[in-house]
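>>> sequence first, predicted coordinates after that:
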Amino acid sequence: MDTLRILKGHGTGNDFVIVPDPDGSLDLPPAMVARLCDRRTGIGGDGLLRVVRSAAHPEAAAMAEEAEWFMDYRNADGSVAEMCGNGVRVFVRFLVREQLVAPGAVAVATRAGVRHAVIGADGPDGPAEVTVDMGPARLPGPDGIVVRVGERSWPARNVNMGNPHAVAFVDDLDHAGELRTAPTVTPAAAYPDGVNVEFVVDRGERHVALRVHERGSGETLSCGTGACAVMVAAARRDGLDPARSGQPATYTVDVPGGRLRITERPDGHVEMTGPAVIVAEGRIDPDWLATG
């Protein structure tokens with residue numbers, strides 16, 4: 001690998017190293033991803049977005065007719081992940097910036113399936129927000145999931161947004177602790193591949209705030225799929241189910257890095273709207289790459 005073009009972007013503070021690789025020719029082993037995401041000795045990020053044509057990637061080739069571009073998402077430790085909601089928004093922002101797609105409707109292939117986004121044209125007030133159809137939430141069993149931090153414990157709701165979440169409603173977000181290490185979640189069998197854990201407090205009517213520990217990354221300033229999972233868990237707790245009522249439900253979800261609007265439609269699909277920003281671009285020094 002002689003050189004490597006990279007960009008840096010974020011969505012409500014959830015930040016990513018972006019690696020354009022349209023032909024799928026790059027070899028990015030987990031150790032290299034972890035080096036790039038290291039905040040002291042690399043570029044720094046909660047994860048890495050590799051931008052690949054779907055037809056050029058074996059995991060996405062079957063989706064190529066519906067979505068030209070595949071978001072090959074990796075956690076900061078190099079592990080592979082199914083989905084990243086904030087990552088999709090940043091991914092779409094990148095595609096428009098590079099004129100690989102036009103503003104409007106954009107389809108993105110992910111390991112959790114195709115996600116459909118809408119991005120407007122930028123205006124005098126700044127970059128347009130991005131809305132992503134995150135698909136329907138699933139609320140699998142079992143009941144009796146418990147999240148523990150230190151001596152405190154809370155019941156949690158199992159919500160799957162293409163990746164797994166345990167949502168716990170708490171009295172104070174500080175009760176989540178430092179979140180550098182993963183909270184304990186039982187029964188472990190409910191999440192064989194690990195879990196993202198959200199701690200949630202109420203801020204007002206249909207308005208909540210969260211902190212999150214993302215598997216493979218630790219505490220992050222935002223988690224898009226987590227915000228969607230929290231919205232669905234809060235709606236059910238509040239007696240709202242758009243599939244039954246026929247009326248959409250919208251919640252404001254505050255994350256440490258900003259604010260997202262999450263709507264669950266009567267067809268079960270969950271839409272997330274929020275900002276996405278490209279911060280910088282450059283090239284990795286070949287000597288640094290060679291030492292990996």
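Nice, I can see it. Residues are numbered from 1 along each chain as shown.

>>> pick out the residue nearest the middle of this structure.
Cys84 (2.6 Å; CA atoms, centre = their mean).

>>> that one: what's it in contact with?
Residues in contact with Cys84, defined by CB atoms under 8 Å, 6 or more residues apart in numbering, are Asn14, Phe16, Gly47, Leu49, Met71, Tyr73, Gly224, Thr225. Every C-beta, even on glycine, is put in place using the N, C-alpha and C of the backbone.

>>> identify those among the residues you listed that sit within helices.
Under the assignment DSSP state H, the contacts of Cys84 contribute Gly224, Thr225 to helices.

>>> for ChimeraX, what selects the buried ones among the contacts of Cys84?
For the buried members of those, the matching ChimeraX selection, counting by 16 or more other CB atoms under 10 Å, is:
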select :14,16,47,49,71,73,224,225
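
>>> can I get the contacts of Cys84 in a markdown table including distance to Pro242 and pLDDT?
Converted to a markdown table, those look like this (distance: CB to CB, whole Å; pLDDT from 0 to 100):
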| residue | distance to Pro242 | pLDDT |
| --- | --- | --- |
| Asn14 | 26 | 94 |
| Phe16 | 31 | 97 |
| Gly47 | 30 | 96 |
| Leu49 | 30 | 98 |
| Met71 | 27 | 98 |
| Tyr73 | 28 | 97 |
| Gly224 | 19 | 94 |
| Thr225 | 19 | 94 |
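
>>> name the nearest of the contacts of Cys84 relative to Pro164.
Thr225 (9.3 Å; CB to CB).

>>> quick one: that closest one and His165 touch, right?
Yes: the pair Thr225 / His165 is scored as a contact, 6.9 Å apart, by CB atoms under 8 Å.

>>> shared neighbours, the two?
Asn196.

>>> how far is the worst-scoring helix or strand of the chain on mean pLDDT from where the chain is centred?
Each helix and strand of the chain was given a mean pLDDT (mean pLDDT, DSSP states H and E); the minimum falls on helix 286-290 at a mean of 85. Mean-position distance between helix 286-290 and its chain equals 29 Å (CA atoms, centre = their mean, to the nearest Å).

>>> can you pull out the strands in the stretch 1-150 of the chain?
Here the stretch 1-150 of the chain has its strands, by DSSP state E, counting those that start in this stretch, at 4-11, 14-20, 47-53, 69-75, 104-110, 113-119, 130-136, 146-149.

>>> among these, which comes closest to Pro256?
Nearest of the strands of the stretch 1-150 of the chain (CB to CB): strand 14-20, 9.6 Å.

>>> which neighbours does the closest one have in its sheet, and in what orientation?
Strand 14-20 has the following strand partners under DSSP bridges: strand 4-11 (antiparallel), strand 47-53 (parallel).

>>> distance to Gly104 for those - can I get that in CSV?
Output for these, formatted as CSV (distance: least, CB to CB, whole Å):
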stretch, distance to Gly104
strand 4-11, 19
strand 47-53, 19
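
>>> Pro155: neighbour count?
For Pro155, the neighbour count with other CB atoms under 10 Å is 13.

>>> how's the protein carved up into domains?
Using automatic domain parsing, the domain parsing of the chain gives 4-129+276-290, 146-272.

>>> can you lay out those domains as CSV showing distance to Pro140?
Compiled in CSV, those are given as follows (distance: least, CB to CB, whole Å):
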stretch, distance to Pro140
domain 4-129+276-290, 15
domain 146-272, 6
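
>>> of all the ones you listed, which one is nearest Arg138?
Of all the domains of the chain, it is domain 146-272 that lies closest to Arg138, at 4.2 Å by CB to CB.

>>> will you turn the strands of the stretch 1-150 of the chain into JSON lines that also has distance to Leu289?
Listed next are the strands of the stretch 1-150 of the chain as JSON lines, based on distance: least, CB to CB, whole Å:
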{"stretch": "strand 4-11", "distance to Leu289": "6"}
{"stretch": "strand 14-20", "distance to Leu289": "12"}
{"stretch": "strand 47-53", "distance to Leu289": "14"}
{"stretch": "strand 69-75", "distance to Leu289": "17"}
{"stretch": "strand 104-110", "distance to Leu289": "27"}
{"stretch": "strand 113-119", "distance to Leu289": "31"}
{"stretch": "strand 130-136", "distance to Leu289": "31"}
{"stretch": "strand 146-149", "distance to Leu289": "39"}
